[in-house]
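sequence and predicted model, in that order:
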Amino acid sequence: MKKFITSMMADVDGQVSSKRFITLTAFLCLVVAFLSNVFAEIPLQEFVYDGMLYLVGSGLGFSTVEKFSRSSGAKKNEQ
């Protein structure tokens with residue numbers, strides 16, 4: 001399990017990406033906030049939820065763009 005998480009968070013170079021770590025942490029916080037709102041009926045301010053949602057969405061988007069831009073750039077340099 002530890003190997004899977006490390007490989008999921010790793011960059012192309014094999015180093016752990018801080019963007020992916022922060023995105024995963026924000027996603028887990030978002031899940032906890034949602035579950036506490038549903039099951040424990042603890043009210044959550046809408047602007048806090050929206051902010052965390054934007055953080056997770058932008059983190060996933062930037063990580064995806066970075067992954068595809070690196071692979072296409074590396075192929076151009078090889079040719």
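Received it, and whenever you're ready, just let me know what you need.

just the buried residues of the helix or strand in which residue 26 is found, please?
Assigned by DSSP states H and E, residue 26 belongs to helix 18-39. Neighbour counts using 16 or more other CB atoms under 10 Å place 20, 23, 24, 26, 27, 30, 33 of helix 18-39 among the buried residues. Where C-beta positions appear, they are placed from N, C-alpha and C, glycine not excepted.

what's the nearest residue to the first one if we skip its chain neighbours?
With CB to CB, 6 or more residues apart in numbering as the criterion, residue 20 has its nearest non-adjacent residue at 4.8 Å, and that residue is residue 9.

now the most centrally placed residue in the chain: how far from residue 68?
For the chain, residue 23 is the residue whose C-alpha lies nearest the centre (CA atoms, centre = their mean; 2.8 Å). Here the criterion is CB to CB, to the nearest Å. By it, residue 23 lies 16 Å from residue 68.

residue 5 now?
From residue 5 over to residue 68 the distance is 22 Å, taken as CB to CB.

mind checking the longest helix of the protein?
helix 46-78 (DSSP state H).
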